[in-house]
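Q: starting from these lines, generate the structure:
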Amino acid sequence: MNHPRYCPKCGTLVVRYSNPLPTADVVIYDPQCGIVLVKRRNPPFGYALPGGFIEEGETAEHAAVREMKEETNLDVELLGVLGVYSHPMRDMRCHVMTTVFVGRAARLDALSAGDDAAGAAFHAMNEIPAELCFDHAKVISHFKQWLLGMRPLAPCCEDPAVEYGDIPYVRPF
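A: Take a look at the predicted model:
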């Protein structure tokens, strides 16, 4: 959707695009411990899968791995894509579109809250808190379907280990 506006200084007609903001979330799973949920420090309050905004110049896979380290202190291996969730009202702050990955942690004992998480813990699959933010109850339902073999994972397309810091990211305009 675009919003034509006139520049207040020069009067030129400009267009401001209102596109969804991309994020990456990960269902970090261990068969004995369950899944990792973070307790949100900022509104909306409640529990959520760890994740965050994709920064300009990085892939969704790289953002997922980076966000897991920032929010949970876990180094994760991505197993695949559970789905893309894009309903315009899934996040009441703005239109957010997320790619949700399934992953496993290298060291479970490294789990600790970081970044904007007030807490981080494993939750058994039958003890998921009711106070889930966004559409994460739906995501967890889809994850349970995957565990039962009723839903496939799509492969990751990019290698999250590749660092893009050395590649010049220049916009063509």
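Q: got the contact list for the nearest residue to Arg90 once chain neighbours are set aside?
A: Of all residues not flanking Arg90 in the chain, Asp135 sits nearest, at 4.5 Å (Cβ to Cβ, 6 or more residues apart in numbering). Using the backbone N, CA and C atoms, a C-beta is placed for each residue, glycine as well. Residues near Asp135 by Cβ atoms under 8 Å, 6 or more residues apart in numbering: Tyr85, His87, Arg90.
Q: hang on, isn't the first one packed against Phe101?
A: No: between Tyr85 and Phe101 there is no contact, the gap being 11.9 Å when judged by Cβ atoms under 8 Å.
Q: more neighbours, the two?
A: Counted by other Cβ atoms under 10 Å, Tyr85 and Phe101 do not tie: Phe101 has more neighbours, with 30 against 20.
Q: sheet partners, orientation included, of the host helix or strand of the more buried one?
A: Per DSSP states H and E, Phe101 falls inside strand 96-105. The strands beside strand 96-105 in its sheet (DSSP bridges) come out as strand 21-30 (parallel), strand 76-85 (antiparallel).
Q: what residues sit buried inside the helix or strand that it is followed by?
A: Remark: after strand 96-105, the chain's next helix or strand is strand 117-123, criterion DSSP H and E. By neighbour count on 16 or more other Cβ atoms under 10 Å, the buried set for strand 117-123 is Ala117, Ala120, Ala121, Phe122.
Q: quick revisit: among the strands paired with strand 96-105, which comes closest to Val96?
A: strand 21-30 (5.2 Å; Cβ to Cβ).
Q: next, the buried residues of that closest one.
A: Within strand 21-30, the residues that count as buried by 16+ other Cβ under 10 Å are Pro22, Thr23, Ala24, Asp25, Val26, Val27, Ile28, Tyr29.
Q: just those now: which is nearest Gly57?
A: Among the buried residues of strand 21-30, Pro22 lies closest to Gly57 (Cβ to Cβ), at 12.3 Å.
Q: gap between that closest one and Pro31?
A: Distance of Pro22 to Pro31, computed by Cβ to Cβ, to the nearest Å: 30 Å.
Q: can you check Ile54 too?
A: According to Cβ to Cβ, Ile54 and Pro31 sit 29 Å apart.
Q: between those two, who's got more neighbours?
A: Ile54 (22 against 8).
Q: how long is stretch 88-100 end to end?
A: 16 Å (Cα to Cα, to the nearest Å).
Q: do stretch 154-161 as well
A: This stretch, stretch 154-161, spans 19 Å end to end (Cα to Cα).
Q: touching that stretch from outside, list them.
A: If you take Cβ under 8 Å, 6+ apart as the criterion, stretch 154-161 is touched by Thr59, Ala60, Glu61, His62, Ala64, Val65, Leu78, Gly80, Val81, Phe101.
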